[in-house]
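Colleague: Please find the sequence and the predicted model below.
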Amino acid sequence: MNANANQALLTEHQTESLSNKAFGFWLYLMTDALIFALLFATYVTMFRSTASGPEPSELFDLKHVFLETVCLLLSSITFGFAYLGALGKHRWQSVNWLLVTLILGVTFVYLEVVEFIGLIENGAGPQASGYLSAFFTLVATHGIHVSVGMLGIIIMMFQILNKGLTPSVNSRLFRLGLFWHFLDIVWIGIFSIVYLPVFI
Amino acid sequence: MFGRLTLEALPFYSPIAIAGAVVTFSGFAMVVLLVSWKRQWRYLWFEWLTSVDHKRIGVMYIVLALVMLVRGVIEAVMMRAQQAMALNSEGYLPPEHFEQLFSTHGTIMIFFVAMPFLTGLINVIVPQQLGARDVAFPFMNSVSFWLTAAGAALVAISLVIGRFSTAGWTGYPPYSGIGYSPGVGVDYWIWALLISGVGSTLTGINFIVTTLKCRAPGMSLMKMPMFVWTSFCTSILMAFSFPALTVVAIMLGLDRTLGMHFFTNDMGGNMMNFANLIWIWGHPEVYILVLPAFGVYSEVTAVFSKKRLFGYRSLVYATAAIALLSFTVWLHHFFTMGSSPNVNAVFGIATMIIAVPTGVKIFDWLFTMVRGRITFHPSLLFTIGFILTFVIGGITGVLMAIPPVDYLVHNTTFLVAHFHNMIIPGALFGYFAGVQYWFPKVFGFKLNDFWGKLVFFFWFVGFYLAFMPLYAVGLLGMPRRLVSYTNPDWQPFLITAFCGAGFILAGLCSLFMQFYVSYRDRENNRDLTGDPWDGRTLEWATSSPPAPYNFARIPAVTDVDAFWVMKQNSDLNSEPKPGHYESIVMPKNTGAGVIIGAFSFVLGFAAIWYIWWLAAVATLGAIAMLIIRSCNDHSEDVISSAVVFKTEHDRWLLAQTKGQPACDGKRL
Ligand code: HEM
Ligand SMILES: [Cu+2]
């Protein structure tokens, strides 16, 4: 009887701490948003600091960026499906959608790396000017975040299969989802501040 | 294989640096030997290093701060000695070493004395004042601590292997760029700040959640003790200003290692961006340092005047106003760098506005003391010393907020005097007051009063001797950071300042003497009541030292002075009864925090020396540790109600036999 009572206590405590974790994670996202905000601000102030190197208008390929955007936006939707699957206690559905999300994420990062390599080969690497330093740092910071998110997705797939959809697994999945959607929003910022002004 | 790490890294450029390295190394070796000799490794590891108990983490923070304070003060005395003798001569320090001294001194004092000190106090006290059993994220708390320790260790090891930055504590480019500072010094600075800065951000998040989510039932925001309020505002500032430091340090690192052009002189770099980014963090940082001290002063004045805190609401609003305003004035740190007069005027006025809420606070503390029954406990002495001194600092601050005046005294010792005038009484005195005040809570015995008063006396007099001459000599035109000079008018001031530094050193020694004497006589100074000062807030409702779970039963709060009201209304000294307690869930200790800290240290060290394979290994190690930990669902344990009862009853019995009523309120 004692073991049961203890178990109940632990569960109760866990529920409480999961709600704290969700709140804490929101705060973390706000600090992360600040990092991006400062990188954006730096980017904007350095927009003209091209030091007679390549100009923004010579650098980007709209189709490529569009493809990246599609991947990321779709991945946010598929993550949503994965979360819905978890809520409905459909383990495999959840894992499969996570897999799709992962593939979209990998594609996104792959496209980004291709873009970076192309730029560097054309003499427009991060060392070429203050403007390009700011560009690479901002976009790569987002890319690194996406990669961390993908690591999280892999871990969650294992956890769902191994542990099942326990409350703590669900709550981790929820937080990872917040993170993933947050990156989507940051990307929209990048799209409209970094890329769009160059095309219009 | 070893990047740029060669034998040249040993400090043979200056005999004094060698001596420093030897002292650092032997200090470390002595600690290791002592612990081995006393066979205390197991105890140290299982009870302390791996602990996730907020009180123990808090104590470790404060120990770290005190160790670093010793180094910081010694460096200060060394600089003062140099300047006292360097009239028309080189003094005893090579310029290269002097530059490292003011850079390490500033960096250490801000990041590895003040920050851990205030974080430690917050850790020990805030959960108890909230009537909580723990912080919201105990494991993350341990990680934050070990990240801070890793940063401090990087600064410490820079004395033995390689050199530290010579670019001052703010590391302005282009001087800190790779062109002017090609060595490892600036990289040590960057990595120490980066690693400990992440720890501070996490601490901020942790205590925001703790304050908002873990309050005892009945404690509305407007019933939180003042120290909780100031800690809460500090946590908000920490969480939302440290990202700026992270960003600016990373950018400087990218400039240095990958040849980027954020802050370089050519290729489109712009060093004004650095000034902006670092002071977006730096100005709030000043308030991060002083707010917790203000909290301590509020607690101390109320308790040692035996009165309710005067103007509680106005203090809360003033604190919140200061926290908000602190984000809006950063530009006053570079009035002289060519912004337009209008911009300077706006920021000058904004700066002066902060003086208003600060003035409100001073009056509140004074009115709390008026007609109180005052006990001159050392912590109250520090408070009074602070009020007297801080006013001078405030006036010089408002002076400097007038841009034309700032042009006059910019980068002179007047500025050095001003910020020490704010930071030493405004922050450090507060932390000392906190130590004097809460020590018996943490260790179960009181500190020696006589030595405590001596500590205050030396710091107070030393402060005036050390810094008032700097105001004067600054007005005479002496620039800061000067290794030698030719103007004989300055020397008398600098000699006085040196004597002041000696007093301060004596104050520091007295502090350790106080610890020693109090520990030696601890049996006579035991406090079994848990409430030695007739306190008003909930931390005095726990036993001293508190059980791991703080409160056997979570108290119900009806007033700001929650514990005071309880004491008036009921007898808290009845015998604990079995069946009165429930089982309690507490987190288990874990070594994961230590390991993550260790990997971060290795990562920093490897990156500083360009040992890239090692940096990769350390990063992977830290990530792996995080993953393993995040998959763990069994990080908690249950303390059974029987054990809780026995703990409480034993303590009650002990207090009875010693004739001290255990008014510890744990049967609230
Ligand atoms: C304990 C007594 C102290 C003495 C005697 C002292 C002395 C000094 C001296 C001689 C300098 C160099 C001034 C110059 O540039 O000409 C200095 C700089 C500085 N001190 Fe202190 N200090 C003390 C405590 C503190 C404390 C407690 C803090 C902060 C918590 C602090 C923070 C700084 C900073 C930030 C600098 C600027 C470093 C730089 O120039 O980059 N000091 N101090
Ligand atoms: Cu400021």
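Modeller: Thanks, I have the structure now. Ligands and ions are numbered 1, 2, ... in the order given.
Colleague: So out of everything in the stretch 201-350 of chain B, what residue is nearest ligand 1?
Modeller: Closest residue of the stretch 201-350 of chain B to ligand 1, Cβ to the nearest ligand atom: residue B:289 (6.7 Å). Backbone N, C-alpha and C define where each C-beta goes, glycine included.
Colleague: Skipping adjacent residues, who's closest to that residue in space?
Modeller: Leaving aside its sequence neighbours, residue B:289 sits nearest to residue B:427 (Cβ to Cβ, 6 or more residues apart in numbering or on different chains; 4.2 Å).
Colleague: Check residue B:334 too.
Modeller: Per Cβ to Cβ, 6+ apart, closest to residue B:334 is residue B:275, 4.9 Å.
Colleague: Then residue B:454?
Modeller: Nearest residue to residue B:454 in three dimensions, chain neighbours excluded: residue B:510, at 4.6 Å (Cβ to Cβ, 6+ apart).
Colleague: Next: residue B:367.
Modeller: Nearest to residue B:367 is residue B:310, by Cβ to Cβ, 6+ apart, at 4.0 Å.
Colleague: Please apply the same query to residue B:212.
Modeller: Nearest residue to residue B:212, sequence neighbours excluded (Cβ to Cβ, 6+ apart): residue A:23, at 7.5 Å.
Colleague: Are we agreed that that neighbour is in a helix?
Modeller: Yes. Counting by DSSP: H, G, I helix; E, B strand; the rest coil, residue A:23 falls inside a helix.
Colleague: Residue 117: neighbour count?
Modeller: If you meant another chain, say so; for now it's chain A. 11 (other Cβ atoms under 10 Å in any protein chain shown).
Colleague: Actually, chain B is the one I wanted.
Modeller: Look at residue B:117: counted by other Cβ under 10 Å, it has 27 neighbours.
Colleague: repeat for residue B:581
Modeller: The tally of other residues near residue B:581 (other Cβ under 10 Å) stands at 23.
Colleague: Only alpha carbons, please: show stretch B:474-481 as CSV.
Modeller: Presented in CSV, the C-alpha positions along stretch B:474-481 are these (Å, rounded to 0.1, in the frame of the first residue of the first chain):
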residue,chain,number,x,y,z
GLY,B,474,40.1,62.4,-11.3
LEU,B,475,39.1,66.0,-11.2
LEU,B,476,42.8,66.8,-11.4
GLY,B,477,42.7,65.0,-14.7
MET,B,478,44.2,61.6,-14.0
PRO,B,479,43.1,59.0,-16.5
ARG,B,480,42.1,55.5,-15.4
ARG,B,481,44.1,52.4,-16.2
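Colleague: Off-centre distance for that stretch?
Modeller: 29 Å (Cα atoms, centre = their mean, to the nearest Å).
Colleague: Buried residues of that stretch, list them for me.
Modeller: Under the neighbour-count criterion of 16 or more other Cβ atoms under 10 Å in any protein chain shown, stretch B:474-481 has B:474, B:478, B:480-481 buried.
Colleague: picking up where we left off before, if I follow the layout properly, the residue nearest to residue B:367 ends up in contact with residue B:368?
Modeller: Yes. Using Cβ atoms under 8 Å, residue B:310 makes contact with residue B:368 at a distance of 4.3 Å.
Colleague: Between these two, point out the one with more neighbours.
Modeller: residue B:368 (24 against 20).
Colleague: Could I get the contacting residues of the more buried one?
Modeller: Taking Cβ atoms under 8 Å, 6 or more residues apart in numbering or on different chains, we find residue B:368 in contact with B:298, B:301-302, B:305, B:307-310.
Colleague: same thing but 10 Å
Modeller: The contact partners of residue B:368, taken as Cβ atoms under 10 Å, 6 or more residues apart in numbering or on different chains, are B:297-298, B:300-305, B:307-312, B:315.
Colleague: thought residue A:50 was touching residue B:267?
Modeller: Yes. Residue A:50 is within contact range of residue B:267, at 9.4 Å (criterion: Cβ atoms under 10 Å).
Colleague: Now residue B:52: closest residue in space that isn't a chain neighbour?
Modeller: Take residue B:52 and drop its neighbours on the chain: the residue closest to it by Cβ to Cβ, 6+ apart is residue B:138, 4.0 Å away.
Colleague: Downstream of the host helix or strand of residue B:624, the next helix or strand is which one?
Modeller: Assigned by DSSP states H and E, residue B:624 falls within helix B:612-630. Using DSSP H and E, the helix or strand that directly follows helix B:612-630 along the chain is strand B:636-639.
Colleague: Name every strand pairing with that next one and say which way it goes.
Modeller: According to DSSP bridges, strand B:636-639 forms sheet pairs with strand B:584-587 (antiparallel).
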